[in-house]
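Visitor: Show me the folded form of this:
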Amino acid sequence: MNLEKYKNDFVLDGFISPVSIISENEARTHRELLENAEKKLGNMHYQSKIHTIFRSAFELATHPNILDIIKKIIGPNILLHNTTYIIKEAKSQSFVSWHQDLPYWGFSSDDQVSVWLALSTANDLSGAMYMIPGSHKNGMKKHISVKNKNNVLTQNQSIENVDENKKILCGLKPGEASFHHGWTVHSSMPNNSNDRRIGFNIQYIATHMKQEKNKEDTAICVSGEDNYNYYKEDIIAKNDNLDDIKIQRMKNLTKKYLSVVSSKN
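Guide: Numbering: from 1, shown residues only. The predicted structure is shown next:
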């Protein structure tokens with residue numbers, strides 16, 4: 001694993017893709033755990049803090065192949081802030097408009113990395129992500145709200161006049177991941193395939209970053225030391241067994257998270 005190249009590409013382009021993290025068999029196992037849980041919980045799309053109820057999610061989020069890259073990009077002291085499944089059902093018209101992540105999260109700085117780990121095939125047919133190389137270098141861009149029931153984004157936020165001639169498709173096999181910066185402009189189209197497009201999304205931040213929208217926000221240190229203690233500590237799942245306490249915790253944390261990203265202040 002060429003960590004120096006990954007860092008240089010991230011700094012230059014605002015993303016790196018694809019990166020092999022786990023085997024396809026391992027990805028299949030994690031998908032099966034998710035889909036077995038859905039038999040009890042229902043669709044798990046966009047539920048927050050998955051690592052507080054699934055041990056498998058925490059194991060993926062702390063996988064050395066991921067953390068080694070994160071440490072190279074933002075330094076040794078890292079908080080795991082959020083994990084969520086992003087799922088497009090087969091033949092779904094759901095899409096994600098061109099946008100940036102950081103304007104809606106309430107963080108005090110941009111020492112942050114998003115990881116998107118494929119648990120099923122993500123390609124042009126199934127609605128993989130597109131990135132605009134170098135778009136992270138100029139900070140926040142103006143977003144407008146364009147209402148569309150198929151837009152996955154909470155506020156229907158969208159960036160106008162994106163030069164789509166520059167877009168790069170981040171196709172991923174199961175077990176591969178992309179890494180992107182919170183200012184990187186990205187989007188994805190509908191899933192026209194016959195399979196679910198399942199991604200496991202992980203958010204990492206440097207320990208010095210404050211949460212300016214939610215004083216009750218939670219995170220957990222997964223590398224180095226947290227000498228700031230700006231966040232309440234998440235409770236990590238010890239196994240993949242589901243109980244009412246875990247489920248209620250996830251629902252509460254999801255509600256808090258959505259209240260932050262839905263806020264315009």
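Visitor: From here on, just use CA atoms for contacts and neighbour counts.
Guide: OK.
Visitor: and residue 43, what is it in contact with?
Guide: Going by CA atoms under 8 Å, 6 or more residues apart in numbering, residue 43 touches no other residue.
Visitor: What does the pLDDT read for it?
Guide: pLDDT for residue 43: 92.
Visitor: ditto for residue 263
Guide: 51.
Visitor: which residues of the stretch 101-250 of the chain fall in helices?
Guide: 244-261 (DSSP state H, counting those that start in this stretch).
Visitor: Show me where it dips below the pLDDT cut-off.
Guide: For the stretch 101-250 of the chain, the stretches with pLDDT under 70 are 144, 148-156.
Visitor: cutoff 50 now
Guide: Across the stretch 101-250 of the chain, nothing is flagged by pLDDT under 50.
Visitor: Tell me, how many residues neighbour residue 125?
Guide: 16 (other CA atoms under 10 Å).
Visitor: again, but for residue 45
Guide: 16.
Visitor: What of residue 183?
Guide: 23.
Visitor: do you know how far it is from residue 46?
Guide: 20 Å (CA to CA, to the nearest Å).
Visitor: can you check residue 243 too?
Guide: Distance from residue 243 to residue 46, by CA to CA: 20 Å.
Visitor: okay, these two: which has more neighbours?
Guide: Counted by other CA under 10 Å, residue 243 and residue 46 do not tie: residue 46 has more neighbours, with 17 against 9.
Visitor: What's the separation between that one and residue 232?
Guide: 21 Å.
Visitor: And residue 205, by the same measure?
Guide: Residue 205 is 14 Å from residue 232, by CA to CA.
Visitor: Tell me which residues are up against the helix or strand where residue 16 lies.
Guide: In the assignment (DSSP states H and E), residue 16 maps to strand 15-20. With CA under 8 Å, 6+ apart as the test, strand 15-20 has contacts from 6, 9-10, 131, 133, 170-172, 175-181, 184.
Visitor: In strands, which of those fall?
Guide: 131, 170, 176, 177, 178, 179, 180 (DSSP state E).
Visitor: Need the max-distance pair from these.
Guide: 131 and 176 (16.2 Å; CA to CA).
Visitor: Show me which of those two is the more surrounded one.
Guide: Set residue 131 next to residue 176 and count neighbours by other CA under 10 Å: residue 131 wins out with 26 against 23.
Visitor: partner residues bridging the closest residue to that one other than its chain neighbours?
Guide: Nearest residue to residue 131 in three dimensions, chain neighbours excluded: residue 186, at 4.5 Å (CA to CA, 6 or more residues apart in numbering). Listed by DSSP bridges, the beta-bridge partners for residue 186 are residue 99, residue 131.
Visitor: Isn't residue 186 up against residue 132?
Guide: Yes. Assessed by CA atoms under 8 Å, residue 186 is found in contact with residue 132 at 6.3 Å.
Visitor: Work out which residue lies at the spatial centre of this structure.
Guide: Centroid check for the chain by CA atoms, centre = their mean gives residue 201 as the closest residue, at 2.9 Å.
Visitor: any idea how far residue 225 is from that residue?
Guide: To residue 225, residue 201 is 23 Å away according to CA to CA.
Visitor: Next, the contact list for the residue lying closest to residue 209 once chain neighbours are set aside, please.
Guide: Distance criterion CA to CA, 6+ apart; nearest residue to residue 209, sequence neighbours excluded, is residue 108 at 5.5 Å. Residue 108 sits next to 209, 210, 211, 212 when contact means CA under 8 Å, 6+ apart.
Visitor: what's the burial count for the last one?
Guide: Spelled out, it's residue 212. When neighbours are counted by other CA under 10 Å, residue 212 comes out with 13.
Visitor: try residue 223
Guide: So residue 223, with other CA under 10 Å, has 19 neighbours.
Visitor: That one against residue 76, yeah?
Guide: Yes. Taking contacts as CA under 8 Å, residue 223 lies within contact range of residue 76: 6.1 Å.
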